[in-house]
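S.K.: Structure for the following, please:
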Amino acid sequence: MTATLKTREKEIIIQGNRPLYRIMEDLQLSPQAYLAAREGMLLTGDDRIEEGDVVELIAVVSGG
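M.R.: Now for the predicted structure:
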């Protein structure tokens with residue numbers, strides 16, 4: 001069961017049917033550095049990524 005994570009730079013094929021926070025941990029991505037969206041809806045770390053899902057990871061930018 002695969003799903004796709006898209007960042008600005010690349011697409012990553014991942015195993016689905018897991019919570020987003022676990023996928024982020026496995027990929028060593030900081031949850032504070034990205035917002036995740038599926039079909040235009042923001043996700044939380046507890047949301048499950050299922051087979052066939054396409055999740056966009058949007059880098060959080062801060063400045064002063």
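S.K.: what residues does the host helix or strand of residue 56 touch?
M.R.: Residue 56 is located in strand 54-59, with elements delineated by DSSP states H and E. Residues outside strand 54-59 that contact it (Cβ atoms under 8 Å, 6 or more residues apart in numbering) are 3-8, 20, 29, 33-38, 43, 49. To be clear about C-beta, it is placed using only N, CA and C from the backbone, and glycine gets the same treatment.
S.K.: Mind checking which of the residues you listed land in strands?
M.R.: 3-6, 34-38, 49 (DSSP state E).
S.K.: Which entries within these meet the buried criterion?
M.R.: 3, 5, 34, 36, 38, 49 (16 or more other Cβ atoms under 10 Å).
S.K.: Format the residues you listed as a markdown table; extra columns: distance to residue 25 and pLDDT.
M.R.: Below are these laid out as a markdown table (distance: Cβ to Cβ, whole Å; pLDDT from 0 to 100):
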| residue | distance to residue 25 | pLDDT |
| --- | --- | --- |
| 3 | 16 | 96 |
| 5 | 13 | 96 |
| 34 | 13 | 95 |
| 36 | 13 | 97 |
| 38 | 18 | 97 |
| 49 | 13 | 97 |
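S.K.: Now for the residues you listed: which two are most distant?
M.R.: 3 and 34 (15.5 Å; Cβ to Cβ).
S.K.: buried stuff in stretch 56-64?
M.R.: Result for stretch 56-64 [16+ other Cβ under 10 Å]: buried residues 56-57.
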